[in-house]
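1. model the following, please.
(one chain, ligands or ions: 1)
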Amino acid sequence: MRYISAPQRSQSVLASASTRGGAVSAEVSGVMGRGGLGGSGGGSGVSPCLAAARRSGLDTEQIMSWIDEQLVARGIRDARVLDAMRRVPREAFVPEASQPLAYTDRALPIRSGQTISQPFMVAVMTEALMLRGPERVLEIGTGSGYQAAILAELATEVVTIERWPELADAARATILSLGYTNVEVIVGDGSLGLAARAPFDRILVTAGAPRVPDALTRQLSQSGGRLVIPVGSPDQQWLKVISREGDRLDETTLDACVFVPLVGADAWPE
Ligand code: SAM
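-> Purely as a prediction, here's the structure:
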């Protein structure tokens, strides 16, 4: 495969993000998907996000305004992405003790020493995937399952891989409880992708990789396939977007970010 790297560009979207040494921290941080929740708000006119937040006793004004203040004001423009983030109740994916913080723009701890990513970073990565509806998506790093639910709103099929079985089990249960039927959660080493199910129209890696794993570019669709992946050191990565046409790979670098490490055979060692 021929690799063509575009000049690095600093994405203005990220310029005003919460930063740690200039990096967006994820770690310390349309067409509906078939199984998506849709925009109906459960028929009551209230979004599932808002309804769930009210049940948890969260500040409704904060819920109403977080999309505008944290995402739109900082450059997220894709209306489908914003709608999906309005629909998915983030607090369903965080531990009970963190629920009051569910709609703050922070990564929050989940089990197994991992994190649910910062909502702004979720929005940036999802926007970079340029989902239109019919896509099959592979996510590496299920974590809480929140990003997978967002993808389920925007694509036809989502397969997500997590290396920790307890996280995969919890994420699967949460995703099912919210009514998504187009997400499959698999336990395994996502640095090797999922050859048996390839090709994928989109691949999203939500952990920091030392390099772009070969398996992932091989498993990308040859026609307009798109891979979004943070690559760099354990302390800081650059968000890369790799698009594939035939054997040609074009790489664009967005901005700095910080994710928990991608650990696996073609990633960081245990
Ligand atoms: N997308 C998640 C969410 O919405 O909550 C957040 C992902 S968290 C920042 C990164 C996840 O990648 C962790 O759950 C971690 O266990 C997982 N991970 C790390 N290396 C992996 C690998 N080789 N295969 C699959 N998952 C991996």
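2. which parts of the protein sit against the ligand?
-> Contact residues, the chain versus the ligand (Cβ under 6 Å from any ligand atom): 26-27, 29, 114-117, 140-141, 143-144, 146-147, 161-164, 167, 189-191, 206-207, 259-260, 262-264, 267. Every C-beta, even on glycine, is put in place using the N, C-alpha and C of the backbone.
3. next step: those restricted to strands.
-> Among those, the residues falling in strands (DSSP state E) are Thr115, Ile116, Ile140, Ile161, Glu162.
4. the second one: neighbouring residues, count only.
-> A count of neighbours around Ile116, defined by other Cβ atoms under 10 Å, yields 26.
5. please apply the same query to the last one.
-> The local packing count at Glu162 equals 29, with neighbours defined by other Cβ under 10 Å.
6. surely it and Asp169 touch.
-> No: using Cβ atoms under 8 Å, Glu162 makes no contact with Asp169, being 9.2 Å away.
7. now Asp247. Its backbone dihedrals?
-> The phi and psi values for Asp247, taken as degrees, to the nearest 10, are phi -90, psi 0.
8. shouldn't it be in contact with Met1?
-> Yes: contact status for Asp247 versus Met1: in contact at 4.8 Å, counting by Cβ under 8 Å.
9. the more surrounded of these two?
-> Met1 (12 against 8).
10. need the contact list for that one.
-> Applying Cβ atoms under 8 Å, 6 or more residues apart in numbering to Met1 gives the contacts Thr217, Arg218, Arg244, Asp247, Arg248, Leu249.
11. one more pass at 6 Å, please.
-> Contacts for Met1 (Cβ atoms under 6 Å, 6 or more residues apart in numbering) come out as Asp247, Leu249.
12. tell me the confidence at it?
-> According to the prediction, Met1 has pLDDT 73.
13. so, low pLDDT: which residues of the protein?
-> With pLDDT under 70 as the threshold, the chain has low-confidence stretches at 5-64.
14. let's go with 80 and repeat that
-> For the chain, the stretches with pLDDT under 80 are 1-64.
15. the helices in it, which residues?
-> Here the chain has its helices, by DSSP state H, at 12-15, 48-55, 60-66, 79-87, 119-129, 146-154, 165-177, 214-218.
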